[in-house]
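Enquirer: this one's structure only:
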């Protein structure tokens, strides 16, 4: 029997057997991540960590879209009031950095920006549909990547691919991500959840203590260097003091081409 809990309107939390489902639920906004969704994610991770009967997690946005990233409209409004401040709950823990249980990311459609980060930080296993596209479009709207995103991308992708994601704002397909080793399997959209559940069922057949220990060791070995994250965040802070940082989200909100000044 499934137990469904809404972590606010934008996150649905369900528990089926030993598997928890974290479902991004702003379909009318392509699951753009706003403050309400960040709070819902925090609540979901807390519930998962506190429940000893949860042995695996599936995070998804559904068959159509995973997430187009940061809610830029909300960001533009926030910047009007606090131009250089960080958004509330803009923290790696919000995106699952401290989740001790194995997380399967089931990804379909656009997986961009903070949505992409969520699959990097939380995802231990990544299943993508043929429609999935991964990207970091921040450069297009003049927003410096925060939360050490460059360090995570550099961990997951070869340097040339990482630079293409960042300085060109290009997306990569599910098949390309599979060839690069970022996703474990590519399936049809209608098979996405079923495939993720098969992985979860396999995980649930093992000792949760041993699986958790393996994840903890693996994260310590593979997580980005703290110095790289600190440098990335320092560069992001400098970018927040630029005129371009104000202009980019404002132009997006007003549906016009940004007028970059390079300062």
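Expert: Ah, there it is. Everything numeric here is computed off the predicted structure, so don't read it as measured data.
Enquirer: what ranges do the helices span in the stretch 1-150 of the chain?
Expert: 35-50, 72-81, 113-121, 149-156 (DSSP state H, counting those that start in this stretch).
Enquirer: Would you format the ones you listed as a markdown table with mean neighbour count and distance to residue 237 included?
Expert: For the C-beta atoms, the positions are set from N, CA and C on the backbone; glycine is no exception. Below are these laid out as a markdown table (neighbours: other C-beta atoms under 10 Å; distance: least, C-beta to C-beta, whole Å):
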| stretch | mean neighbour count | distance to residue 237 |
| --- | --- | --- |
| helix 35-50 | 19 | 19 |
| helix 72-81 | 16 | 14 |
| helix 113-121 | 26 | 18 |
| helix 149-156 | 22 | 14 |
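Enquirer: where are the low-confidence patches of the stretch 101-250 of the chain?
Expert: 238-240 (pLDDT under 70).
Enquirer: Let me know which of the helices of the stretch 1-150 of the chain is the nearest to residue 59.
Expert: Nearest to residue 59 among those is helix 113-121; the distance by C-beta to C-beta comes to 6.9 Å.
Enquirer: okay, the angle between that closest one and helix 72-81?
Expert: Helix 113-121 runs at 110 degrees relative to helix 72-81, counting by axes from the mean of the first three to the mean of the last three C-alpha atoms, to 10 degrees.
Enquirer: quick one: residue 24 from residue 34, how far?
Expert: 11 Å (C-beta to C-beta, to the nearest Å).
Enquirer: got it, and residue 261?
Expert: Distance of residue 261 to residue 34, computed by C-beta to C-beta: 28 Å.
Enquirer: more crowded one of these two?
Expert: residue 34 (19 against 10; other C-beta atoms under 10 Å).
Enquirer: ok, the more buried one touching residue 9?
Expert: No. Residue 34 sits out of contact with residue 9 when judged by C-beta atoms under 8 Å, with a separation of 10.6 Å.
Enquirer: any common contacting residues for the two?
Expert: Residues touching both residue 34 and residue 9 (C-beta atoms under 8 Å, 6 or more residues apart in numbering): there are none.
Enquirer: Find the centremost residue of this protein, please.
Expert: The structure's the chain has its C-alpha centroid closest to residue 118; by C-alpha atoms, centre = their mean the separation is 1.9 Å.
Enquirer: how far away is that residue from residue 257?
Expert: 29 Å.
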